[in-house]
Every structure is written in structure tokens, then in C-alpha cells.
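> heads up, no residue letters with this:
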């Protein structure tokens, strides 16, 4: 076995043997595309290449491989390497350097190997193979073999690399045909909106105003008290003082001494309908009942002999205990 089988870059191991060398032939078979009419490269349209110009084109493999990038530089003219005129020969050197720099600019690429094998196709084509950074086992002449052994890189990364190389070349002229991979949006065919459980905190609809007129009617005080037509309900700030009320108007205490449960004054009912909490201290009727039941005791007269003993004052109001 030759020494290269023991190189770290050799991709195989184990027991191997060398094939028996076949006898040479008298006439070599024609290569693919010897006739321009049957040349595959000449009959391929430009949209199959990642970059095209007036005299050169760059194409990639049909699908991703194990290496970060594998590209082929082709001449538009149906010529082989030794058939190139001086102009195309000079441009071949420029295109080789330019394409090598473009591939080496990709992330994760350490070196770019440039190869020319002319036994398969008669149309000139140069191979550019990118070696991944840090993969020292892939150094050297066996890189093309490792390309078929390594795991295939993701297609999205492969397409992005193609677009970057095409854009690099397009900065110097020509047209870039490669585009990066588009985002594959996946959306459901139907949308299900979750329904949240809410607690109904609204008051009873029977107490809510139905129209704007109902709201205004609730705010406006009534013009006539159905229980006492002589007195109309007025705003709280304009109501007469309970102490100034006519003594002739009988009260609940005057009639029975006990106020029926649930009875309210018109002002209290009005404020309750408006949603305002009425405190007992702010209720004029409550204050009025307190003054009727428990009037303030008059100041003792020092000149009155009856007050010398500080006798308690008894209420003389009707119905008092």
C-alpha cells in the first residue's frame, strides 16, 4: 500500500488492496461535450447559475454536500483550458482569485482548493472546494473524497452561502441569480380564540336606565311630592332646615311614636337612586328626629331655686319616654 493511506487526511481505514492496473487503450473515448451541439454546459440557461456575466458563469451543485461550498467556474465560449485566447486566459486568473476570495469570506471556511479535471467534460470548468475551518483531517488532496463522506450541511445555510458568493461577484459586474432561503411561515388554517370566564358585575338591568331621557329623569328632582303635594322636593342644599318645619305638619313620631321600617325621606330616596351612599349624620330627617327626641337641656338658671339641686331635665315632647 502507498504511504498516503497512512496520512491523517486519508478517509479510509482497514484492510485494503490495490486494484490491478488495466492495460492502456489505443484510442481514448471522446469526452462529454466534444461537439458544441451536444455540450451540456452550452445548452444550460443562465437561470441555472448563481452568477453570470458576458464571458463567465458560476454554478453550484444540484443540492447541498458535505463541504460548506462547492462551485464550478465555466467559460461561456466552448473552449478548453489550453484553447483560451489571451484575453480569456487573463480573465481566468482574475476570476479564479475573485471567486476564491468570495468563498473564503464565508463563515467557517479556512481554505479554498482550486482544481481542474478535464477528463469528464470538454468544456472548461474549474472546481472550487471550501475546507471547513478547524477540520485538519480534511487537508490536502483528499478533500473531494471527504465531500461525499461528510454529513450534508443544512439547505438553508447552503443557499445563504450561495447568495453571499453571488453578491460578492456581482459587486464587480455581472448578475447575481442566487437568493437566500426565504422564511417558511407556518400558520394554522383556523384560529381558536380562548374565551375567558368573566363574572357579571353589572347591576340588575331593571334598575339601569334604558335611554338618555331616563338618565336625565333620574337626575332631575320631581316637581311634586305625591305624599305631600304642598311641598316639592328640592336639592339637599336648598331644603329648609328641619327645625324650621311647620309644627302643623305631622310626623311619623307624632302619629304613632314609631317610624315604620323601610320608610325613607324623599331626599334619601333621591340620593339612593343616584348611587350615593347617605350616612345617618348627613340625613336631615335623621337629624330632625334626634332633635325631636333628645332636645338640648337649657342652661340652669342660678337664680331659680328649683335648679339648685341639679335635677335632671325631663323631655316634655309627645311620645318621649
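Great, that's in hand. Quick caveat: nothing in here was measured; it's all calculated off a predicted structure. Residues are numbered from 1 along each chain as shown.

> what about the closest residue to residue 165 other than its chain neighbours, which helix or strand?
Once flanking residues are discounted, residue 165 sits nearest to residue 102: 4.6 Å by CB to CB, 6 or more residues apart in numbering. Yep, even glycine has a C-beta here, placed from its N, CA and C like the rest. Element membership for residue 102 (DSSP states H and E) is helix 86-104.

> which is the next helix or strand following that helix?
strand 109-115.

> Which elements pack onto that next one?
Counting contacts by 3 or more CB pairs under 8 Å, 6 or more residues apart in numbering; DSSP states H and E, strand 109-115 is packed against helix 86-104, strand 125-132, helix 143-147.

> which outside residues touch stretch 39-50?
When contacts are defined by CB atoms under 8 Å, 6 or more residues apart in numbering, stretch 39-50 is touched by residues 32-33, 36, 52, 57-60, 71, 74, 78, 121-123, 125, 162-163, 165-166, 175-178.

> of the residues you listed, buried ones?
The neighbour-count test (16 or more other CB atoms under 10 Å) marks 33, 52, 57-60, 71, 74, 78, 121-123, 125, 162-163, 165-166, 176-178 as buried among the contacts of stretch 39-50.

> For the residue nearest to residue 81 when sequence neighbours are not counted, grab phi and psi.
Computed as CB to CB, 6+ apart, the closest residue to residue 81 that is not its neighbour in sequence is residue 124, at 5.3 Å. Main-chain dihedrals, residue 124, degrees, to the nearest 10: phi -60, psi 130.

> same deal with residue 5?
Torsion angles at residue 5 (phi, psi; degrees, to the nearest 10) stand at phi -70, psi -20.

> Then the one 3 residues further on?
Dihedral angles phi and psi of residue 8 (degrees, to the nearest 10) take the values phi -60, psi -30.

> Would you agree it is in contact with residue 135?
No. In this structure, residue 8 is not within contact of residue 135 by CB atoms under 8 Å, at 10.9 Å.
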